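Peer 1: Fold the following, please.
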Amino acid sequence: SKRSSIVKVIKALEVISFDFPGSANTASSSYQNVLKVLKSSLLDFSGRNVLFSFRENSQCIRLDKDIQELIKTGVNWQFELESSDSTLNKLHQIRRKQNHMLREKGEDGLLLICHFLNWKNLGEELRSPLFVLNASIKYTKDFKLNYSLEFDAELLEVNEMLRIYFKEQFNFLFPKVVPISAVDVFIEEIKKELEPQGAEVIGIESQPTLGVFNYHNISIASDYEHLIRQEANPLNLNLLGFENNVETQEEPKEVRWNAHFVLPADPSQEVALTCAKSKSLVIEGPPGTGKSQTIANVLAQSIAQNE
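Peer 2: Now for the predicted structure:
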């Protein structure tokens, strides 16, 4: 649950030693530890996460085609207007969930799982998505109900959830992508490589499966991983409370702006807009306080000034 995830983060942060002030190396090391905790809090390596332990549900569709054939030809479905076909119902559910995730999270989560890794983890048998591929689905309605599925890729992505878990638990790093033409060779290689690392591989199964999956947290975790590998910059250190060496300015007492607002702005939002003219800042506030409106006005002002 969200509450347990928050508790997990707080407890993990309590055991990290923060050195204020300290050497640059000490601050950088503590900063990376905090990022690692934040990254771990986003990842769920349990049976609840279908991208780690897959279970079919009513919103998944098995496709009885070879992956290379799927990529070349795509898939087309056609149904009568009054059809109650189970595949049509699943397609409707997938489209609704896809649109909902796109509105809420900015990405639609539509994936084709190409292969599954069947393996044992601490004695428990798992069926984990191994290769995934982004897909696009189109829906039209005329004299019939038409769905089409298309793919535009020559590379299969390795499931990021597995990449992170195997790196942390077995010190084995999967590549991020694998060429479709090299899949068979790669599968044979990882069978040989994984077992010496302590992962008991049962087999790798080719079963293309379409569904909508919550990949949002994994994307953010990947961003954290990217930051962990980079040298800490002063702004990020300041945002996490490590240093106060980022130049700050007092809030302007009087707001004077030749404003080009496209949305209404109250006095507190006008203060934020004025600050945004001359420095970087983080704007926070409860839902409904106008953060998105302020961003829209910042963009409008910048456009008006040809920035």
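
Peer 1: now the protein, which segments are flagged as low pLDDT?
Peer 2: Residues of the chain that meet the criterion pLDDT under 70 lie in 1-28, 243-259.

Peer 1: at 50 instead, please
Peer 2: 1-24, 246, 252-255 (pLDDT under 50).

Peer 1: Would you map the helices across it?
Peer 2: Ranges of helices in the chain, per DSSP state H, are 2-14, 24-41, 67-73, 86-105, 160-170, 183-194, 216-229, 234-239, 267-276, 291-304.

Peer 1: With respect to L133, which of these lies nearest?
Peer 2: helix 67-73 (7.7 Å; CB to CB). Where you see a C-beta, it was placed from the backbone N, CA and C, and this is true even at glycine.

Peer 1: And that closest one, what does it pack against?
Peer 2: strand 110-121, strand 200-212 (3 or more CB pairs under 8 Å, 6 or more residues apart in numbering; DSSP states H and E).

Peer 1: what residues does it touch?
Peer 2: 63, 65, 112, 114-115, 133, 151, 153, 156, 180, 183, 206, 208 (CB atoms under 8 Å, 6 or more residues apart in numbering).

Peer 1: returning to what we had before: out of the helices of the chain, flag the one nearest G123.
Peer 2: Closest approach to G123 among the helices of the chain (CB to CB): helix 160-170, 14.1 Å.

Peer 1: Also compute the angle for that closest one relative to helix 216-229, please.
Peer 2: In terms of direction (axes from the mean of the first three to the mean of the last three CA atoms, to 10 degrees), helix 160-170 departs from helix 216-229 by 50 degrees.

Peer 1: circling back: weed out the non-buried ones from the contacts of helix 67-73.
Peer 2: Neighbour counting with 16 or more other CB atoms under 10 Å marks 63, 112, 114-115, 133, 151, 156, 180, 183, 208 as buried within the contacts of helix 67-73.

Peer 1: Wait, Y224 touches S41, no?
Peer 2: No. At 9.7 Å, Y224 and S41 do not qualify as touching, with contact defined as CB atoms under 8 Å.
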